[in-house]
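Peer 1: coordinates only, sequence not included:
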């Protein structure tokens with residue numbers, strides 16, 4: 001399982017890819033939220049970060065399927081608890 005720091009790095013990478021290669025998708029990043037609270041403890045935070053990363057990754061993959069690919073895009077990780 002990935003750590004909180006690793007997930008944050010992955011989120012930053014995919015966000016930077018979106019902003020640099022497909023800025024038209026940036027408006028959707030603001031609409032996605034990551035819930036860092038909720039009393040679920042560290043496991044809840046990890047799950048929320050995984051869900052957020054998956055949302056960003058899915059957005060980028062779906063968009064690039066129809067509008068072109070991204071060179072050197074980071075691969076999808078199988079993030080399970």
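Peer 2: Alright, I've got the coordinates. These numbers were taken from a predicted model, which means no experiment stands behind them.

Peer 1: which parts of the longest helix belonging to the chain are buried?
Peer 2: For the chain, the helix that runs over the most residues, judged by DSSP state H, is helix 41-67. By neighbour count on 16 or more other C-beta atoms under 10 Å, the buried set for helix 41-67 is 45-50, 52-53, 55-57, 59-60, 63-64. All C-beta spots, glycine's among them, are computed from the backbone N, C-alpha and C.

Peer 1: cool, stretch 14-29 as well?
Peer 2: Neighbour count says stretch 14-29 has 14-15, 17-18, 21-22, 25, 29 buried, by 16+ other C-beta under 10 Å.

Peer 1: can you give me the end-to-end span of it?
Peer 2: 11 Å (C-alpha to C-alpha, to the nearest Å).

Peer 1: quick one: mean pLDDT over it.
Peer 2: Stretch 14-29 carries an average pLDDT of 91.

Peer 1: centre of the chain versus it, how much separation?
Peer 2: In this view, stretch 14-29 has its centroid 11 Å away from the chain centroid, taken as C-alpha atoms, centre = their mean, to the nearest Å.

Peer 1: where does the chain have low pLDDT?
Peer 2: Applying pLDDT under 70 to the chain flags the ranges 34-40, 69-81.

Peer 1: go with 80
Peer 2: Judged by pLDDT under 80, the chain has its weakly predicted residues at 32-42, 67-81.

Peer 1: ok, back up a step: what's the most distant pair in the buried residues of stretch 14-29?
Peer 2: Across those, the longest distance by C-beta to C-beta is 13.2 Å; it joins 21 and 29.
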